[in-house]
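Visitor: below: sequence and its predicted model.
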Amino acid sequence: LVRLIPGDPGIIIGGTTSSRADQLAIDHRLGLDQSFWSQYWHYWRDLLHGNLGTSFVTSDPVTRILRQNAGPSLQVAGFALMLVLAVSIPGGIALGALTRDRRHRHIESWFTGIASVVGALPELLVATLLAYAFALQLSIFPVGGTGGLMALVLPVLAISLRPIAILLQLVRVETLSALATDYVRTARSKRLPAHTLYV
């Protein structure tokens, strides 16, 4: 697919003012003057040995760049995963319990509408809206950086709101399905407390 896109790495790296000889030298250094299968073989061989090449921008090894940025990325991903699970599972069960047997239809309608809209928004748009509202307009959270937990709030929310909306819907539907089963009806008839039943 990359070969179908117009553009030459020699021009991108060397710049539009570089000579054709410089661009060809860059292509040769990167192995782009070899056959497709030869490039593919070298790619996989280097990848399996942990060699991801060097950055076009900084000329640093890509593995070093990944190592430097892995910590903050894993931190954001970890907090986002915890938030998604902490909100979606209990929230979906609570919504299922609240809307079972066609009760509170207005809550169900509002939830379905909001969750559908939030679940369809791309993370980049959510991040932009959150940064505009809470960082630029209200000045509650920083726009970026690694300055403690306050700097994590907006990135974590940006990547977790969509999965929360989707998982809330899934857990709610599965809760409604489970509440309609025979063993739950039997437990209700035996006067099992509601909190025990949902747990």
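Guide: Right, received. Where do you want to start? What you see is a predicted model, and the numbers here were worked out from it, not measured in a lab. Residues are numbered from 1 along each chain as shown.

Visitor: low-confidence ranges in this protein?
Guide: Residue ranges of the chain with pLDDT under 70: 1-3, 145-147.

Visitor: swap in 80 and give it another go.
Guide: 1-18, 23, 56-57, 59, 101-102, 143-148 (pLDDT under 80).

Visitor: which residues touch the residue of it positioned farthest from its centre?
Guide: Using CA atoms, centre = their mean, the residue of the chain lying farthest from its centre is residue 190. It sits 43.7 Å away. Contacts here follow CB atoms under 8 Å, 6 or more residues apart in numbering; on that basis residue 190 touches nothing. Yep, even glycine has a C-beta here, placed from its N, CA and C like the rest.

Visitor: state the distance from it to residue 197.
Guide: 10 Å (CB to CB, to the nearest Å).

Visitor: what comes up buried for the helix or strand that contains residue 116?
Guide: Using DSSP states H and E, residue 116 maps to helix 105-120. Neighbour-count burial for helix 105-120 flags 108, 111, 115, 118-119 (criterion: 16 or more other CB atoms under 10 Å).

Visitor: and of the residues you listed, the nearest to residue 90?
Guide: Nearest to residue 90 among the buried residues of helix 105-120 is residue 111, at 14.5 Å by CB to CB.

Visitor: measure residue 131 to residue 156 for me?
Guide: 13 Å.
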